[in-house]
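Student: for reference, the sequence and a predicted model appear below.
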Amino acid sequence: MNRLFAIAKLTWKAAFRFRLFWVMAGLLLLCVVALPLLLKDDGSARGFTQILLTYTLSVITVLLGFSTLWLACGTLARDIEEAQMQVVAVKPVARWQIWLGKWLGLFALNAALLAVAGTSVYVLIQYRAKRLPPEQQQVLRNEIFVARGSLKPHAPNIEENAEALFQEAVKKNNVPPEEFEKLRGQLRERVTAYEQIVPPGYRREWIVDFGLRAKLLRDQPLFLRTKFFAAQTNASGTYLGLWQAGNSQTGVPVPLSLAADTFHELQIGPNRFDADGKLRISFINRNETALLFPIDEGIEVLYREGGFGFNFVRGLMVILCWLGLIAAVGLAAASFLSFPVAAFFSASLLVMGLSSGTLSTVVAEGSVLGLNHETGAGGGGLLDAIVVPCFKALLRIVMLVEQFSPVDSLSTGRSISGGQLLRAFAQIVLLLGGFFAAIGIFTFNRRELATAQGNS
Amino acid sequence: MSRRSYKAALLAAAVVLLVFVSFFQKALNRERSDPQLGLTRGVGLGSNAPPVLAFTTVALGGFRGLIANALWIRANDLQQDGKYFEMVQLADWITKMEPTLTQVWLVQAWNMAYNISVKFPNPYDRWRWVQRGIELLRDDGLRYNPREALMYRELAWFFQHKMGQNLDDAHMIYKQEWAKEMQAVLGSGRPDYKELLNPTTEDAKHRVEKLKNQYKMDPARMKQVDDQLGPLEWRLPEAHAIYWASVGLSESKKSELITLRRVIYQSMHMMVLRGRLLSVEPLRFGPDLAKAEQANAAYEQMIRDDTEQKDAIKRAHRNYLKELVFLLYSHNRMADAGRWFKYVRETYPGSIPEPNLDDYALKRITGEMTGMTYDRTKTIINGLLSQSLLSLAADEDDRATGFELFARRLWSNYADSTKGQERRLGMPQIEEMKRTLVNDFLNPTNGLPPEAAARLRTKLGLAAPGPNAQK
């Protein structure tokens, strides 16, 4: 272990010797100070805090990401090219210890820089928030400076319900076997529609079970996050409904005219639970058109799960996991490539990782060349047969990293739980980072260090 | 040389070189903007482009399009997720990437003022987004595209349609907030142009600064528009629609001008319908029939000026005149109504088939007289009498007389058409119908508020209620 730390210490020393630490710390602090002066916000305190959090944390991540990549490639590749590695390699230190020590050094360096930048962001937004009027501070406390968990109504079992209807239909009518699949599909659509659609003049109730959490949320406001679609648009673009959170004793119906196709967050007064910890949300459609509440995102209730400080730290730690992976990618590339090629290779890998939008479009459409919108068929043929499965596999790997979005969660006051953090560490650092570490250590072990001298 | 003095020498050299290079800056800028070979050719940003814009348009070159695409995609994704806090920033970047493409400005501004604003249930949140849309066009879009008619048209349209019309649930808040802002700058009532053009007090100087810097309005131009088309009520959005369309007409390239002319005559039309601001808090406005002449003059001017779509403007003019006649009639301005009735029949022969003013006005309110059933007629008469009494309670006597006149005219028309069938189809006497409504309105439990009820009672010459009346 001491050897690992010794190599890590050398990496730190190099970072200080080349003034990288101070330059990066200065750059990060500059972005924290300068960004609020440059950003254009929507004019609300909430909007400004959200954009400030999003942009400062994003810029910090990008800056640290690139510097990590650069440093990871440089520290190993240049050590090899300039023959300094030979001096280390002849010491009683295993190659894997050198590799891992360098990674550990970079990880610790990033942790320190992230701590400096994170602290300054935290202090900045708290300082700005304190200067706001009390009601705005309250909005921030409720919606941004908080770690909110979320619960959704129990999802209906569409397949089971559709199957029950199917069995009944088959029993009652003489359905030929070749029509079974078609009938199943129609019934599935019918059940899905029934679960989602609120016809004009109708009422729909959703029940969100908070269980024992309800007791912990006494006197705490909740937030209803909802989204719906309208069967027919109207001139104003908004749709009137009577919303009620709680039962007839705890809640009163509130008329609200809301826009379709977008998320709304509506505050719910505290203590609206039933005795068994259930929260009833009801909606009466007061429009002349049916409204559709999607099962997955139609209704969601947000509640306070914890404070902002710890959530912020957890968010930074997820970012640190990303940086750990980038360091592993850079070191792995530098284990067998020269510095410029390793830097280019790692940057390309990163860009590919960031192109998950393209990957998911291809996977969703099942074609690289796009769909023929008349026939619905892909135009790639053999190309699709090869590339789409590859993209599917790639996307699954990329999603191991991209499914965590700490910046997004922090700017919308959503909780990053300890479990999520552990999963992020396991998936990003241990699994993916471990994969690149294995490649890196393997190639570094097999590399003939002396032959690299000619390159310098 | 020591390390310290070496560094100092380098720093001094850098400063000297910087001063030296500044002498060449003008020549460099001239070459950069050379119409044949200059780097900034084709990017007509004018001399007031900020450095960040110069950077994005020149340094990024062809990559601007790619970056703009990425920003559009991000903006679209965020909008899908209902996250709007970045939209102002993204719109700013996107427009700066393509500063001379008018459609980019129009789409971004429209998105904020129309699409995003309605996503918010709180009317003040909506108002903020409408303002952001207006600001994007007014503060930046027009700065880089001062000769684009569509840019002026869109800005004017936001005032005329988004704020002026009633399609948005929050339109009253938009109007009220705007009226408050304008009142703070221009004062209530007519603007004091003498003061605006030559401010002497600190307060006046501050207000003129605000008018120019924040609202980008020129007092001299305001006066010019007011002299030509006014008097305008500057606290209402229509005046600003007219202002920006007028600026556009004089500043733009000579294409798409019809869109600006439309804004002017439609807004003038609207000023007649509700161009009189009675109070800001609560927001109350009513028709301004005194502007009938100016609105007509605006239409006629636009017909004279336009070379491409005269017929379309004439159709709009004809409709305006027909509506004006009815409006004057319903406000008991019989002489004016008669004069405009004659004018519209002479200017647009065949536009009003009814032989006289009474028949025309009655038809406007009832539709075709044939097929008027007992129930429908009674309902309409009741409605007209209610409007008349409510107008009296609101101290609008002319309007009240107009509605009562309609009711009486309709009653007698109906009586004529059902002569001999009184037993089956006879309508109650109009006085009786009126008495019933008066009793309802004066009912202390569910009638008009006490102040309005007292006014109605005074106007009708009724005695004050006894001491036992319920509260």
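Tutor: Structure received.
Student: tally of neighbours for A:Phe344?
Tutor: 14 (other C-beta atoms under 10 Å in any protein chain shown). For glycine as for every other residue, the C-beta is placed from the backbone atoms N, C-alpha and C.
Student: buried ones in the helix or strand hosting it?
Tutor: Using DSSP states H and E, A:Phe344 falls within helix A:339-354. Buried residues in helix A:339-354, counted by 16 or more other C-beta atoms under 10 Å in any protein chain shown: A:Phe339, A:Ala342, A:Ala343, A:Phe345, A:Ser346, A:Ala347, A:Leu349, A:Leu350, A:Gly353.
Student: quick one: contacts for the residue in the stretch 201-350 of chain A positioned nearest to chain B?
Tutor: Nearest residue of the stretch 201-350 of chain A to chain B: A:Phe263, at 3.1 Å (C-beta to the nearest C-beta). Contacts were defined as C-beta atoms under 8 Å, 6 or more residues apart in numbering or on different chains; by that measure A:Phe263 touches A:Arg225, A:Thr226, A:Lys227, A:Glu297, B:Asp81, B:Gly82.
Student: can you say which of those are buried?
Tutor: A:Arg225, A:Thr226, A:Lys227, B:Gly82.
Student: ok, so of the residues you listed, who is nearest B:Lys223?
Tutor: Here the nearest of the buried ones among the contacts of A:Phe263 to B:Lys223, counting by C-beta to C-beta, is B:Gly82; it sits at 44.8 Å.
Student: separation between the spatially closest residue to that closest one that is not a sequence neighbour and A:Ser282?
Tutor: Spatial nearest neighbour of B:Gly82, chain neighbours left out: A:Phe263 (3.1 Å); criterion: C-beta to C-beta, 6 or more residues apart in numbering or on different chains. Distance from A:Phe263 to A:Ser282, counting by C-beta to C-beta, to the nearest Å: 19 Å.
Student: show me the shaky parts of chain A.
Tutor: A:372-380, A:452-456 (pLDDT under 70).
Student: what domains does the record give for it?
Tutor: The record's domain split for chain A, according to automatic domain parsing, is A:2-144+A:307-455, A:158-306.
Student: which one of the buried residues of helix A:339-354 sits closest to A:Leu240?
Tutor: Looking across the buried residues of helix A:339-354 and measuring by C-beta to C-beta, the closest to A:Leu240 is A:Gly353, at 44.9 Å.
Student: contact partners for the nearest residue to the closest one once chain neighbours are set aside?
Tutor: In space, and not counting its chain neighbours, A:Gly353 is closest to A:Val398: 5.3 Å by C-beta to C-beta, 6+ apart. For A:Val398, the contacting residues are A:Met352, A:Gly353, A:Ser356, A:Leu359, by C-beta under 8 Å, 6+ apart.
Student: remind me which helix or strand A:Val398 belongs to.
Tutor: Under the assignment here (DSSP H and E), A:Val398 is part of helix A:382-402.
Student: that older thread, and the buried residues of helix A:339-354, which two are furthest apart?
Tutor: Across the buried residues of helix A:339-354 (C-beta to C-beta), the longest gap, 21.2 Å, separates A:Phe339 and A:Gly353.
Student: phi and psi next, for residue 186.
Tutor: Since you didn't name a chain, this refers to chain A. Here is the backbone geometry of A:Gln186 (degrees, to the nearest 10): phi -60, psi -40.
Student: can you count the residues close to it?
Tutor: 15.
Student: ok, back up a step: what's the next secondary structure element after the helix holding A:Val398?
Tutor: Trace forward from helix A:382-402 with DSSP H and E and the next one is helix A:406-411.
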